[in-house]
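Participant: sequence first, then the predicted structure:
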Amino acid sequence: SNAERKGINILSVIRPHGLRGYIFVEAPTKADAEQSAFGIPYARGLLPHEVGYNEIEHMLEQVKKEMNIQKNDIAEIISGAFKREKCKITRIDKVKEEAVVELLDAAVPIPITLKLDALKVIRREGEDTDIE
């Protein structure tokens, strides 16, 4: 909106997932990119050189990786309110990339829906190792 107000020609703005604290501005000229960042309080500065597409390509194109999570696996929650809690996977929705889990340490088993990337498998259903 800052660029629209000033009439600056900006083609796209990207905030990559894996790179905190940076945004990439695609503009026809370096002056347009500098003017768009001017006056934004949280913008600390600009990189002194142009960043090529091949340098940021891996941040833009998300690669689908197959999650090896199955029903009845024991997993650990690695993010969110229940971080470091152990749980049992009761249902998996691969389309939405979500899993319904039940906490093992809870007095009453309450189903919780979590994203698959918030889970780390500790033990498979067929393995006989104890949980710590």
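Facilitator: Structure received. Numbering: from 1, shown residues only.
Participant: which residue comes closest to the residue nearest the centre of the chain once chain neighbours are left out?
Facilitator: For the chain, residue 17 is the residue whose C-alpha lies nearest the centre (Cα atoms, centre = their mean; 5.8 Å). Nearest non-adjacent residue to residue 17, counting by Cβ to Cβ, 6 or more residues apart in numbering: residue 59, 6.9 Å away. Placement of C-beta: from N, CA and C, glycine included.
Participant: next one: the particular helix or strand that has that neighbour in it to chain centre, how far?
Facilitator: Assigned by DSSP states H and E, residue 59 falls within helix 53-60. Here helix 53-60 is found 16 Å from its chain centre; the criterion is Cα atoms, centre = their mean, to the nearest Å.
Participant: counting by contacts, list what the helix or strand following it packs against.
Facilitator: Next along the chain after helix 53-60, taking DSSP H and E as the criterion, comes strand 74-77. With contacts taken as 3 or more Cβ pairs under 8 Å, 6 or more residues apart in numbering; DSSP states H and E, strand 74-77 sits against strand 86-93, strand 98-103, strand 119-123.
Participant: again, only using 6 Å
Facilitator: Here strand 74-77 touches strand 86-93, strand 119-123, going by 3 or more Cβ pairs under 6 Å, 6 or more residues apart in numbering; DSSP states H and E.
Participant: list the contacts of the least confident helix or strand in the chain by mean pLDDT.
Facilitator: The helix or strand of the chain with the lowest confidence, counting by mean pLDDT, DSSP states H and E, is helix 2-6 at a mean of 76. Around helix 2-6, the neighbours that count as contacts under Cβ atoms under 6 Å, 6 or more residues apart in numbering are 10, 36.
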